[in-house]
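> sequence first, then the predicted structure:
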Amino acid sequence: MEGNRGSSQRCALLRKIKEFTRAIVQDLSIGRSPIVLIDRFRVHCTNPQANCCCSSVLPNGKEILTLQRENHVHRLATSARKPAWVQERYILHASICIFRFLWAMGRYLGSHSDLLRLVMGWIRFLEGGRKFDCINRPNTAHPIPVQVEEVKDIVSVADYILVVEKESVFERLANDRFCNANRCIVITGRGYPDIPTRRFLRLLIEKLCLPTYCLVDCDPYGFDILTTYRFGSMQMAYDAKQLRCPEVCWLGVFPSDSEKYCLPQQCFLPLTAEDKKKAETMLNRCYLQREVPRWRLELELMLQRGVKFEIEALSVHSLSFLSKEYITSKIQGGVHI
C-alpha cells in the first residue's frame, strides 16, 4: 500500500508539472506572456521587536510572476527548478522543448535577452559548477553535485567546514595547500550561493555534524551572502526550512578586523549610496536582533565608519597571511560569531 501511495503521489505531481508546462506553451502560442501565481513566504520582516512568524511553513499571500518584468525572469527560472528531482529525465526533456519554443516565440515577447537569461539559468542549474575541496583528496576541487539526493554514505575526517564567498579566495587557499595543513572541507558558492550549493552544505552539516564557518567580504553584499547561507533568501523563502544552515558562524571579515590587523588606508573603499541603503535595509531584518545581535553590531560599525574592504586586503601583510594566520588563529581561538 505504501508503494502504491508513493507512486500515485509522484504521478499526481508529474501531472501538475505537465499542466504547468502546457499552460506556459499555450500562453506563448497566442503571443501572451505567461503569468504564474505562487505562494509568498518570508524569512524576515522589518520589525526587529515583533513576535513574528517569519521562516514558518505558512504562506503569506500570493505573488504574480510574469516574463514581462525583467526581475521576474530569474524568479521564474528558480521556481521551475524545484520539481527537477521528481523526474529528471522528463524535466530535462520538457525544458529543452520549452527553451526551443520560447526562442522561436521570442518575437512575441519583444526581446531574446530575458529568454537567454532564463535558459542560461537552467543550464547552470543542470551543470552545477560550484566548487568544494574534499578532505579525502586534499587540494583537489570538485563540482558541487546538482542532484544532492543522489549523494550517499558521506564520510569525512574533516574537523570543520569553511565556506568562502569568492572563487578567488578559494583558489588562494588551494594554492597555499590549505587543506593539506588543515583537516577541513572548503566550499565556495562564487558569490550568492545557488540552490545546489546551499542544499549540499546543509547535507554536509546534517551528516557530518561539523562546525561551519563563513568568510565573506567586509561589505553589505558580503554580509547579505552570509545571511543567505544562515537564514535563507527572500526569493527562496518558501524553501527556507530545507536550505538555510543555522549552524553557520561568521568567521570574518569583520569591520573591527581592520584595526586588529592594522590594515593600511589604501585597503579601504568608501561605501556607496547603494551600499548604505542596503546596509540600512538589512539592519531592519528581525532575525538580526533576535538571533545574531553581534552581527548587527558589526554591520552598524561598518555603516558608521562608511568604508568597506575585501577579504584579499588581509594579504597586504603577506600572500599566505589569510591561510596561515587569519583563518587558523580565528578558528583555534574561537574568534567567530
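Nice, I can see it.

> now the strands for the stretch 201-337 of the chain?
Per DSSP state E, counting those that start in this stretch, the stretch 201-337 of the chain carries strands over the ranges 212-215, 248-252, 269-270, 307-308.

> can you lay out the ones you listed as a markdown table showing mean pLDDT and distance to R230?
Quick note: C-beta positions are derived from backbone N, CA and C, even for glycine. Output for the strands of the stretch 201-337 of the chain, formatted as a markdown table (pLDDT from 0 to 100; distance: least, Cβ to Cβ, whole Å):
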| stretch | mean pLDDT | distance to R230 |
| --- | --- | --- |
| strand 212-215 | 94 | 8 |
| strand 248-252 | 90 | 4 |
| strand 269-270 | 91 | 25 |
| strand 307-308 | 92 | 20 |
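
> for A158, which of the ones you listed is the nearest?
strand 212-215 (10.6 Å; Cβ to Cβ).

> elements contacting the closest one?
Where contact means 3 or more Cβ pairs under 8 Å, 6 or more residues apart in numbering; DSSP states H and E, strand 212-215 is packed against strand 160-164, helix 220-231, strand 248-252, helix 327-333.

> I'd say P246 and Y229 touch.
No: counting by Cβ atoms under 8 Å, P246 sits too far from Y229 to count as a contact (9.7 Å).

> which among the strands of the stretch 201-337 of the chain is found nearest to Y160?
Y160 sits nearest to strand 212-215 of all the strands of the stretch 201-337 of the chain, at 6.5 Å, using Cβ to Cβ.

> hang on, the earlier thing: as TSV, the strands of the stretch 201-337 of the chain with distance to G189 and mean neighbour count would be great.
Formatted as TSV, the strands of the stretch 201-337 of the chain follow (distance: least, Cβ to Cβ, whole Å; neighbours: other Cβ atoms under 10 Å):
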stretch	distance to G189	mean neighbour count
strand 212-215	10	24
strand 248-252	12	22
strand 269-270	23	12
strand 307-308	20	22
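
> dump those strands to CSV, plus distance to P143.
Formatted as CSV, these follow (distance: least, Cβ to Cβ, whole Å):
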stretch, distance to P143
strand 212-215, 20
strand 248-252, 21
strand 269-270, 32
strand 307-308, 30
